[in-house]
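Asks: The amino acid sequence is not available; the structure is as follows:
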């Protein structure tokens, strides 16, 4: 009898479970973090100033088909967040 207590994530061998995109805009740094889960890629965005995280955004409701589309959406969200902080 074989019992499984956990579920393995089925993904291609060479595809990582998470990826991070770093960027800089004005005096802010930002990170777009993608985590691969069963339904697709899920996004987190972090805004940093002087190495300290000052804002974060998490989107667990929308699954992206790949990291590239997640990265594009994350960069747009990050720039909108930084524009609000500059005001």
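Replies: Arrived safely. As the structure is a computational prediction, the values presented were derived from the model and not from experiment.

Asks: which element follows the top strand by length along the chain toward the C-terminus?
Replies: Ranked by residue count, the top strand of the chain under DSSP state E comes out as strand 52-64. Using DSSP states H and E, the helix or strand that follows strand 52-64 towards the C-terminus is helix 67-86.

Asks: I'd like to know which elements that next one is packed against.
Replies: On a contact count with 3 or more C-beta pairs under 8 Å, 6 or more residues apart in numbering; DSSP states H and E, helix 67-86 meets strand 18-25, strand 28-37, strand 40-49, strand 52-64. Where C-beta positions appear, they are placed from N, C-alpha and C, glycine not excepted.

Asks: For it, which outside residues touch it?
Replies: Residues external to helix 67-86 that are found in contact with it (C-beta atoms under 8 Å, 6 or more residues apart in numbering): 19, 21, 23, 25-26, 28, 30, 32-34, 41-43, 45, 47, 54-55, 57, 64.

Asks: swap in stretch 50-65?
Replies: 29, 34, 37, 39-48, 70, 73, 77, 81, 85.

Asks: Return a ChimeraX selection command for the buried portion of those residues.
Replies: Selecting only the buried entries of these in ChimeraX, with 16 or more other C-beta atoms under 10 Å as the criterion:
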select :29,34,41,42,43,44,45,46,47,48,70,73,77,81
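
Asks: Spatially, which residue comes closest to the most centrally placed residue in the chain, not counting chain neighbours?
Replies: Nearest residue to the geometric centre of the chain (C-alpha atoms, centre = their mean): residue 33, 2.4 Å. Among residues not flanking residue 33 along the chain, residue 44 sits closest, at 4.4 Å (C-beta to C-beta, 6 or more residues apart in numbering).

Asks: any chance of the helices and strands packed on helix 67-86 in a markdown table, with mean pLDDT too?
Replies: As requested, the helices and strands packed on helix 67-86 are exported to a markdown table (pLDDT from 0 to 100):
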| stretch | mean pLDDT |
| --- | --- |
| strand 18-25 | 92 |
| strand 28-37 | 93 |
| strand 40-49 | 94 |
| strand 52-64 | 90 |
